[in-house]
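**Q** Let's see this in three dimensions:
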Amino acid sequence: MVGVALVVSMAGLACAMRGLSVGTAYAVWVGIGGSLIVLYAMATGAEPVSLAKVVGRKTAA
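**A** Here you go, the predicted structure:
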């Protein structure tokens, strides 16, 4: 499963780099990856879900 995700991720980055500069493509790739990691953690229960996290608001700890 992890191998498939890695291949799909790299393919997405390669596809994005055809139309964007390397820096922009990488920034978008990292942002999407970070968002998907948080969504996965929330879906599996590893990360508590809150309205602030879903909306994307930063809260003070």
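**Q** can you pull the buried residues of stretch 18-29?
**A** Ala25, Trp29 (16 or more other CB atoms under 10 Å). In this view, the C-beta of every residue, glycine as well, is placed from N, C-alpha and C.
**Q** State the next helix or strand along the chain beyond the lengthiest helix in the chain.
**A** Determined from DSSP state H, the single longest helix within the chain is helix 22-44. Next helix or strand after helix 22-44 toward the C-terminus (DSSP states H and E): helix 51-55.
**Q** helices or strands up against that following helix?
**A** The criterion is 3 or more CB pairs under 8 Å, 6 or more residues apart in numbering; DSSP states H and E, and there are no helices or strands that helix 51-55 contacts.
**Q** pLDDT averaged over it - what is it?
**A** Averaging pLDDT along helix 51-55 yields 76.
**Q** Let's see that helix as CSV, backbone CA atoms only.
**A** Extracted C-alpha coordinates of helix 51-55, given in CSV (Å, rounded to 0.1, in the frame of the first residue of the first chain):
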residue,chain,number,x,y,z
LEU,A,51,-13.7,22.3,14.0
ALA,A,52,-10.5,24.4,14.0
LYS,A,53,-8.5,21.7,12.4
VAL,A,54,-11.2,21.0,9.7
VAL,A,55,-11.5,24.7,8.9
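**Q** Measure how far it is from the centre of its chain, please.
**A** 16 Å (CA atoms, centre = their mean, to the nearest Å).
**Q** Thank you kindly, that will do.
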